[in-house]
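J.: got a sequence here, can you build the structure:
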Amino acid sequence: MSGTIVVGVDGSPTARMASEAARDLASALGATLHVVSAFDSERSQVFGSGSNKWHVSDADKAEHVARAVADTLGGDIDKSIGRVLGSVANSVAHNAPCDVSIANTYDVD
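T.: So this is what the prediction gives:
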């Protein structure tokens with residue numbers, strides 16, 4: 001089987017456990033793993049005057065988190081980095097047009 005598995009990460013130990021579970025599932029299914037991290041577009045700001053403008057947001061930080069997690073997962077599976085606009089896991093689970101798996105991370109210290 002091939003397909004796509006998406007795992008959202010935020011740099012926390014529980015997200016790390018979820019990413020490892022997603023990696024193992026993707027490997028077992030021959031699926032592609034996409035590691036994504038959310039950021040809040042409402043917190044983006046534009047500074048400057050005239051034609052000199054700078055856009056400041058958490059997008060770069062979110063991408064850095066996703067890339068760092070993807071780099072540590074290893075394995076022979078494909079990993080792509082994505083940035084998605086913020087949404088809580090509960091909302092994703094209730095509104096996704098596909099299956100959603102929630103990793104048990106209760107044992108994280």
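
J.: quick one: the strands in the chain, in order.
T.: Assigned by DSSP state E, the strands in the chain fall at 4-8, 32-39, 45-49, 52-56, 79-85.

J.: which secondary structure element of the chain has the lowest mean pLDDT?
T.: Taking mean pLDDT, DSSP states H and E as the measure, the helix or strand of the chain with the lowest value is strand 79-85, at a mean of 54.

J.: report the central residue of the chain.
T.: The centroid of the chain falls nearest to Val36 when counting by C-alpha atoms, centre = their mean (2.0 Å).

J.: that one against Thr4, yeah?
T.: No - counting by C-beta atoms under 8 Å, Thr4 is not a contact partner of Val36; they are 11.4 Å apart. Bear in mind the C-beta positions are built from the backbone N, C-alpha and C, glycine included.

J.: show me the contacts for Trp54.
T.: Neighbouring residues of Trp54 by C-beta atoms under 8 Å, 6 or more residues apart in numbering: 46-48.
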